[in-house]
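# Fold the following.
(one chain, ligands or ions: 1)
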Amino acid sequence: MTLEELRSKLEEELKNVKLNLQALNELKAQYLGKKGPIQELMLEMKNLPKEEKPAFGERVNALKMLANQLFDEKRKELEQREVEEKLKKEAVDVTLPGKKFNEGSVHVISKVIEEVEDLFISMGYEVKDGPEVEKDEYNFRLLNVPKNHPARAMQDTFYVDVETLLRTQTSAAQAHTMLEYKGEKDIRIICPGKAYRRDEDDATHSHQFTQIEGLVVNKDASMAELKGTLEVMAKRLFGEDREIRLRPSYFPFTEPSIEVDVSCFKCRGKGCSLCKDTGWIEILGAGMVNNNVLSMCGYDPKVYQGFAFGVGVERIAMLKYGIDDIRSLYSDDLRLLKQFKL
Ligand code: PHE
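Numbering: from 1, shown residues only. Next comes the predicted model:
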């Protein structure tokens, strides 16, 4: 093959539209490799007469340079084409509708807790946390409920071992806080959290539930302040025109003990199915901290006095939002949860 033939053959082959980068490399190796036609022409040189050698050598070199140049140009062109094709393939249509994200919502139980926390923080209370797996001592004994005390029957308990249990009430936080404050500091806390009792689950009972405990200890805490505090809470939760009434009750850790009712917000006191025609709905238990509890927890009952209350969060949520089965608060039914988006 002559130089000219070789050159036009190469130019022809480079025009092939099916050429890709890999084929181009192969073609380059074929033309410019050690056994390729250009190298062969170089070898032919030795058979030429001496005076023709320089001119021929120059032409072969020129062809070699040209071939290299053509291959380079083609490679750049192919690379460019590859990028363009990739961009085209990966193009995003920004006019298409986007993916919808499901917005979450705050659970009603958390909502009630947050509402009560906000209120009490604004009245100078601290929010405390306590363990759910608790010692018998804090859940019962320091709260004036020794072993075998009949009041234990009021709260059927999950025991982990003889001394350890799942707390049956957030009241356990009372003993913890009083001991922590060493009988000398004033106390004003609420403690929201889970509690557990061996109840059969039904529409109004759940073996796991949520309580908010409140405790105030200082030198002048009084039943009047307790009543005022609970009235503020009832109004905040159920409406400004609500009233409360106190009924005598019994808890081992408070003396006197009371149960608190709120005037029915559905019938406004006239009587309906929600308040069972009484006009009143029971919402919580409370009382003045029993002297035995104060002294067992390091506070001198001659100097200090206190009040405490415990609210069931599920009950508040159910009353407030008209939920008639406590179990739906623990189900993952989004239809219920979605109604309470903030
Ligand atoms: N711990 C009591 C209960 O769970 C409620 C309560 C708390 C009563 C504080 C009085 C004072 O039934």
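
# What pLDDT is listed against residue 342?
For residue 342, the model assigns a pLDDT of 56.

# near the ligand, which residues of the chain?
Remark: the part of the chain in contact with the ligand comprises 169, 171, 213, 251, 254, 285-287, 308-310, using C-beta under 6 Å from any ligand atom. C-beta: built from backbone N, CA, C; applies to glycine.

# In a helix, residue 25, correct?
Yes - Residue 25 forms part of a helix when assessed by DSSP: H, G, I helix; E, B strand; the rest coil.

# Now for it, how many residues are close by?
12 (other C-beta atoms under 10 Å).

# So what's the gap between stretch 74-89 and the chain middle?
Chain-centre distance of stretch 74-89: 46 Å, with C-alpha atoms, centre = their mean, to the nearest Å.

# Do me a favour and average the pLDDT over that stretch.
In this model, stretch 74-89 has a mean pLDDT of 93.

# try stretch 314-326
On average, stretch 314-326 scores 91.

# Would you tell me what helix or strand residue 287 is located in?
strand 280-289 (DSSP states H and E).

# Kindly spell out which helices and strands sit in contact with the helix or strand immediately after that strand in the chain.
Next helix or strand after strand 280-289 toward the C-terminus (DSSP H and E): helix 291-296. On a contact count with 3 or more C-beta pairs under 8 Å, 6 or more residues apart in numbering; DSSP states H and E, helix 291-296 meets helix 172-180.

# List of residues touching the helix or strand following the helix it packs on?
Downstream of helix 172-180, the next assigned helix or strand under DSSP H and E is strand 187-196. Applying C-beta atoms under 8 Å, 6 or more residues apart in numbering, the contact partners of strand 187-196 are 113, 116-117, 120, 124-130, 132, 158, 166-170, 173, 177-178, 181, 207-218, 306, 313.

# ok, 6 Å please
Contacting residues not belonging to strand 187-196 are listed as 113, 120, 124-128, 130, 132, 158, 166-170, 173, 177, 181, 208-217 [C-beta atoms under 6 Å, 6 or more residues apart in numbering].

# tell me the mean pLDDT for it?
Here strand 187-196 scores 98 as its mean pLDDT.

# got it, and stretch 208-221?
97.

# same deal with stretch 289-309?
Rounded mean pLDDT across stretch 289-309 is 97.

# which parts of that stretch are buried?
Across stretch 289-309, burial judged by 16 or more other C-beta atoms under 10 Å covers 289-291, 293-294, 296-299, 304-309.

# Report the distance from that stretch to the chain centre.
The answer for stretch 289-309 is 39 Å, by C-alpha atoms, centre = their mean.
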